[in-house]
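1. What shape does this take:
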Amino acid sequence: MSDFPSSVSFDTELLTELTEASGVPGYEDPVREIVRRELERSTDAVESDAMGNLIGTIEGESEYSVLVATHMDEIGFMVRHIDDEGFLAVDPLGGWDPRVLRAQRVRVHTDDGALAGIIGSVPPHTEDDPEATQDLSDVRIDLGLDGETVESRVAVGDLVTMEQTTRAVGELVTGKSIDNRVSVAAMLEAARQLSEPSVTIHFVATTQEEVGLRGASTIGVDLDPDLAIALDTTVANDIPGHEAADHVTELGAGTAIKLKDSGVITNQKVNRRLRSVAEAENIEFQHEILPAGRTDTARLQRTNGATPAGAISVPTRYLHTVTESAHFDDIERTIALLRAFLETETGEFDYTL
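-> Numbering: from 1, shown residues only. Below you'll find the model as predicted:
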């Protein structure tokens, strides 16, 4: 897109393509095909599994293997009911705050193509109290069509994603599924830049992370890596109304090395090596301690016995909204740290505790 700064070194067209593609948990097909196209250009072999995880492998000089995983699904909805007037009731796929759904545009994905729709309002439970508790069960999608037409074109089980373009806003990129397509783009860029690694590296785009880390639960068993690194977004509450202690990370302050979240305490030796690589390469970084929320790291650490696991995160504001926002510099630092870490991995580091 023309509004991206010319100084940005990674592929913004690919990031735009990834973020504007639709791919809710279990139905990541459009995103998977983009990832497949890119991995076929940069890895030795590409395969997928019954969960829809996509694996691109670069064969190294040794059998020691590193798994790099990042999820490609986005939060969305599934149609659960069509009423006589043609309004759609939906079931959430992933974690939504109903407050952000007022007056949003959506796409309803049917067998005959996508239909434009709107969530005009999320009605409060109590008409005379506009601040009354709202619930996702209140959400209705208006397709602007009569009930008979909707019944003929939409089916229970059809998927719904948010309608939003990706663009630059100052030094930030914003869009509907920065979580986690920005990490997918970072992984693909690192795979493209990597050449002749000492160890075998599996680049994996996982599925169904937003509904319980389900794809990662199987991929760790199938591949049984010696080391795992997860990529994801993380909270940046560096906005008005939040104390500094609650920021978790700050935009523009560097890529984030995860120390813990509510599902994992990362391997301290992996963390130390990530830090030492960042310092040696002059890559700005910050530490991530996330009080609530989990990523694929939790499953990769213990799905096939004990696996040393670390994580690199892209600080992101307004997570799980249509205006998720990340800083261009932090994305570039994430790519640089991942590439440098993989380039210097020999399989001889001791990550046992």
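
2. Now for residue 4: which residues touch it?
-> Contact analysis of residue 4 by CB atoms under 8 Å, 6 or more residues apart in numbering lists 12, 168, 173. C-betas here are computed from N, CA, C, even on glycine.

3. Mind checking which of those land in helices?
-> Using DSSP state H, residue 12 are the members of these that sit in helices.

4. The residue nearest to residue 334 when sequence neighbours are not counted pairs with what?
-> Excluding the flanking residues, the one nearest residue 334 by CB to CB, 6 or more residues apart in numbering is residue 255, at 4.2 Å. Judged by DSSP bridges, the bridge partners of residue 255 are residue 285.

5. show me the contacts for residue 255.
-> Residues near residue 255 by CB under 8 Å, 6+ apart: 278, 283-286, 312-315, 330, 333-334, 336-337.

6. Show the buried residues in these.
-> Among the contacts of residue 255, those that count as buried by neighbour count (16 or more other CB atoms under 10 Å) are 278, 283, 285-286, 312-315, 330, 333-334, 336-337.

7. Does residue 271 fall in a helix, a strand, or a coil region?
-> helix (DSSP: H, G, I helix; E, B strand; the rest coil).

8. SS state for residue 282?
-> coil.

9. Against residue 340, how distant is it?
-> Look at residue 282 and residue 340: by CB to CB, to the nearest Å, they are 10 Å apart.

10. Looking at those two, which is more packed in?
-> residue 340 (18 against 7; other CB atoms under 10 Å).

11. tell me the phi and psi of the more buried one?
-> phi -70, psi -40 (degrees, to the nearest 10).

12. contacting residues for it?
-> 277, 278, 280, 281, 283.

13. Residue 104 touches residue 119, doesn't it?
-> Yes. When contacts are counted by CB atoms under 8 Å, residue 104 is listed as touching residue 119 (4.9 Å).

14. Give the residue from the two that has the larger number of neighbours.
-> Between residue 104 and residue 119, counted using other CB under 10 Å, residue 119 has the larger neighbour count: 22 against 19.

15. Wait, the more buried one touches residue 100, no?
-> No. Counting by CB under 8 Å, residue 119 stays clear of residue 100, with 10.0 Å between them.

16. Distance check, residue 176 against residue 102.
-> Going from residue 176 to residue 102 by CB to CB gives 16 Å.

17. More neighbours: these two, which one.
-> Ranked by neighbour count (other CB under 10 Å), residue 176 and residue 102 place residue 176 first, with 23 against 13.

18. need the contact list for the closest residue to that one other than its chain neighbours.
-> Distance criterion CB to CB, 6+ apart; nearest residue to residue 176, sequence neighbours excluded, is residue 164 at 3.8 Å. Residue 164 makes contact with 20, 105, 175, 176, 322, 323 under the criterion CB under 8 Å, 6+ apart.

19. which one of the residues you listed is nearest residue 272?
-> Of all these, residue 175 has the smallest distance to residue 272: 34.0 Å, by CB to CB.

20. need the contact list for the nearest residue to that closest one once chain neighbours are set aside.
-> Among residues not flanking residue 175 along the chain, residue 166 sits closest, at 3.5 Å (CB to CB, 6+ apart). Shown in contact with residue 166 (CB under 8 Å, 6+ apart): 1, 15, 16, 19, 20, 173, 174, 175, 176.

21. if you set the cut-off to 7 Å instead, what comes out?
-> Counting by CB atoms under 7 Å, 6 or more residues apart in numbering, residue 166 touches 16, 19, 20, 173, 175.

22. So which of those residues wins on neighbours?
-> Result: residue 173 is most packed of these (other CB under 10 Å), 28 neighbours.

23. That residue pairs with what?
-> residue 168, residue 326.

24. distance between the ends of stretch 246-258?
-> 15 Å (CA to CA, to the nearest Å).

25. What residues sit buried inside that stretch?
-> Of the residues in stretch 246-258, those buried (16+ other CB under 10 Å) are 247, 248, 249, 250, 251, 252, 253, 254, 255, 256, 257, 258.

26. next one: stretch 39-53
-> 39, 42, 43, 46, 51, 52, 53.

27. CA-only coordinates of that stretch, as CSV, when you get a sec.
-> Extracted in CSV, the C-alpha atoms of stretch 39-53 (Å, rounded to 0.1, in the frame of the first residue of the first chain):
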residue,chain,number,x,y,z
LEU,A,39,7.1,-21.3,2.3
GLU,A,40,7.4,-23.1,-1.0
ARG,A,41,9.8,-20.4,-2.1
SER,A,42,12.0,-20.4,1.0
THR,A,43,12.0,-23.9,2.5
ASP,A,44,13.0,-27.4,1.3
ALA,A,45,9.7,-29.1,1.9
VAL,A,46,6.2,-28.0,2.8
GLU,A,47,3.4,-30.2,4.3
SER,A,48,0.2,-29.9,6.2
ASP,A,49,-1.6,-32.1,8.7
ALA,A,50,-5.1,-33.1,9.7
MET,A,51,-5.4,-30.0,12.0
GLY,A,52,-4.5,-27.7,9.1
ASN,A,53,-1.1,-26.8,10.6
